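> Here is a sequence with its predicted model. Questions after.
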Amino acid sequence: MITRTFEMPKIPDWQRQMATGFSRVADLLAWLEIEPASLENTIDPASHFPMKVPCTFAARMRKGDPQDPLLRQVLPLHAEKETVPGFISDPVGDLPASDGQGIIQKYHGRALLVTTGACAIHCRYCFRRHFPYQSHHIDRILSPESIETLDDENIEEIILSGGDPLALSDSRLQVLIGSLGKLEKLRRLRIHTRLPVVIPDRVTQRLVDMLAGFRVPATVVLHINHPNEIDQQTQQACRRLFNGGIHLLNQAVLLKGVNDDAGVLEELSVKGFEAGILPYYVHQLDRVSGSAHFQVPSADALQLEEELRNTLPGYLLPRFVTEVPGRKSKIPLGQEIY
């Protein structure tokens, strides 16, 4: 009798880290040695957007500090339940620009693909926290019809978004990116992600080789809001991408109580550059319902931009912008007209 052994596929470490972590406010505060009474009213958030914090990200928070800037980004507060005029479920006009199958077209020559609703971390200011992912995402690959449509519309750049596109396994990502190679007019690939920051192990050699070997240049736009997010592991992960020839940019969101300080933003640019990342945008908060407590007045933001202009060289100066639904590009802060 011949017996056969079957080995279960090994789950990558980064996927195990994604599947674990903190999902209850009480557990995170206890681990950080913070008394709930020292904070504003925390809540157990709605089931459609629960708390989710990887241990690797929580490890960078300061214990005993209820005002820690990394904690503030992920801690659900009662303020999320307040109804504030002007804060809505689709603040950037994604749904009117969507084809209903995961392709969003707002800007000339570019198309955004909603690859997944999954994220490694649930940031409380997320502008897609109410997005209907189940009915608006790409199904593994671009269909022949979508490829034909995008080529007809002269799409030169594909932006992979979500959720977080790097929440897809390397195998699934390779299938999706492979289907993009059929776009005859494609000249650039861009990926917006937070995963290399919050779980640095996500940057596998297979991922680096996949992006480096794609037929058009790849850019990874990281979402880092505070210099404390860049620890040694994050630096090493970013350097693996950088050394593989992947362009790295950073897009921060301006957040009250997190990074609304010129010194913090200056350090973010400098520390990012040391990891191979160039600053791209400091983005004014998208007015999604549940995030009004993060809003920084535009006048204050413009003052921060002026202070940075006086201290940073031009190549380390991020552009302060906002998004206005229906406009054909991001708008320099101070020039928006709603």
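Now that the structure is in, tell me what you want to look at. Numbers count the residues shown, from 1 in each chain.

> going forward, measure contacts and count neighbours with C-alpha atoms only.
OK.

> Run through the residues that contact Thr311.
Glu266 (Cα atoms under 8 Å, 6 or more residues apart in numbering).

> Could you name the specific helix or strand carrying it?
Using DSSP states H and E, Thr311 falls within no helix or strand.

> Distance of it relative to Tyr280?
The spacing between Thr311 and Tyr280, counted by Cα to Cα, to the nearest Å, is 17 Å.

> what do you get for Thr193?
Thr193 is 14 Å from Tyr280, by Cα to Cα.

> what ranges do the helices span in the stretch 151-300 of the chain?
In the stretch 151-300 of the chain, the helices defined using DSSP state H, counting those that start in this stretch lie at 170-180, 195-198, 205-212, 232-243, 262-274, 298-309.

> what's in contact with the next helix or strand after the last one?
Spelled out, that is helix 298-309. Using DSSP H and E, the helix or strand that follows helix 298-309 in sequence is strand 319-322. The contact list for strand 319-322, computed with Cα under 8 Å, 6+ apart, reads 280-286, 301-302, 305, 330-333, 336.

> What's the mean pLDDT across the next helix-or-strand element following strand 319-322?
Sequence order places strand 331-332 as the next helix or strand after strand 319-322, per DSSP H and E. For strand 331-332, mean pLDDT rounds to 94.

> Report the distance from the helix-or-strand element of the chain with minimal mean pLDDT to the chain centre.
Least confident helix or strand of the chain, by mean pLDDT, DSSP states H and E, is helix 144-152 with a mean of 87. From the chain centre to the centre of helix 144-152 is a distance of 27 Å (Cα atoms, centre = their mean, to the nearest Å).

> now what about it, what contacts it?
Helix 144-152 is contacted from outside by 111, 180, 182-185, using Cα under 8 Å, 6+ apart.

> Out of those residues, name the ones that lie in strands.
Those of those mapping onto strands are Ala111, per DSSP state E.

> And the strands in the stretch 1-150 of the chain?
Secondary structure of the stretch 1-150 of the chain (DSSP state E, counting those that start in this stretch): strands at 103-104, 110-114.

> tell me the most buried of those strands?
strand 103-104 (a mean of 23; mean count of other Cα atoms under 10 Å).

> Check what contacts it and list those residues.
Contacts for strand 103-104 (Cα under 8 Å, 6+ apart): 94-95, 97-98, 111-114, 136-138.

> What of stretch 176-193?
Applying Cα under 8 Å, 6+ apart, the external contacts of stretch 176-193 come out as 140-142, 147, 150-151, 154-161, 164-166, 214-223.

> Would you mind checking these for buried ones?
140-142, 147, 150-151, 154-161, 164-166, 214, 217-223 (16 or more other Cα atoms under 10 Å).

> Just want to know which of Thr193 and Tyr280 has more residues nearby.
Comparing Thr193 with Tyr280 by neighbour count (other Cα atoms under 10 Å), the higher total belongs to Thr193, at 25 against 20.

> hey, what's the more buried one bridged with?
Bridge pairing for Thr193 (DSSP bridges) gives the partners Leu222.

> Now do it against Asn154, distance only.
Thr193 sits 25 Å away from Asn154, going by Cα to Cα.

> what does Arg240 give?
Separation of Arg240 from Asn154 (Cα to Cα): 32 Å.

> what angle do the least confident helix or strand of the chain and helix 170-180 make?
Using axes from the mean of the first three to the mean of the last three Cα atoms, to 10 degrees, the direction of helix 144-152 lies 50 degrees away from that of helix 170-180.

> so Pro200 sits right up against Gln232, yeah?
No. If you go by Cα atoms under 8 Å, Pro200 and Gln232 don't touch, sitting 9.6 Å apart.

> In terms of neighbours, single out the busier of these two.
In this view Pro200 and Gln232 are compared by other Cα under 10 Å, and Pro200 has more residues nearby, 22 against 11.

> What residues does that one make contact with?
By Cα under 8 Å, 6+ apart, the contact list for Pro200 reads 14, 233-234, 237.

> Most neighbours of all those, which one?
Thr234 leads the contacts of Pro200 on contacts (other Cα under 10 Å) with 21 neighbours.

> Wait, that residue touches Pro196, no?
Yes. Counting by Cα under 8 Å, Thr234 does reach Pro196; the two are 6.7 Å apart.

> still on that earlier bit, and the contacts of strand 103-104, which is closest to Glu267?
Leu112 (30.5 Å; Cα to Cα).

> Can you give me the distance of the spatially closest residue to the closest one that is not a sequence neighbour to Ile191?
Once flanking residues are discounted, Leu112 sits nearest to Ile159: 4.5 Å by Cα to Cα, 6 or more residues apart in numbering. Counting by Cα to Cα, the gap from Ile159 to Ile191 is 6 Å.

> do Ile158 as well
Taking Cα to Cα, one finds Ile158 at 8 Å from Ile191.

> go on, Asp139?
Remark: distance between Asp139 and Ile191 (Cα to Cα) = 17 Å.

> What residues of stretch 189-204 count as buried?
Buried residues in stretch 189-204 (16+ other Cα under 10 Å): 189-204.
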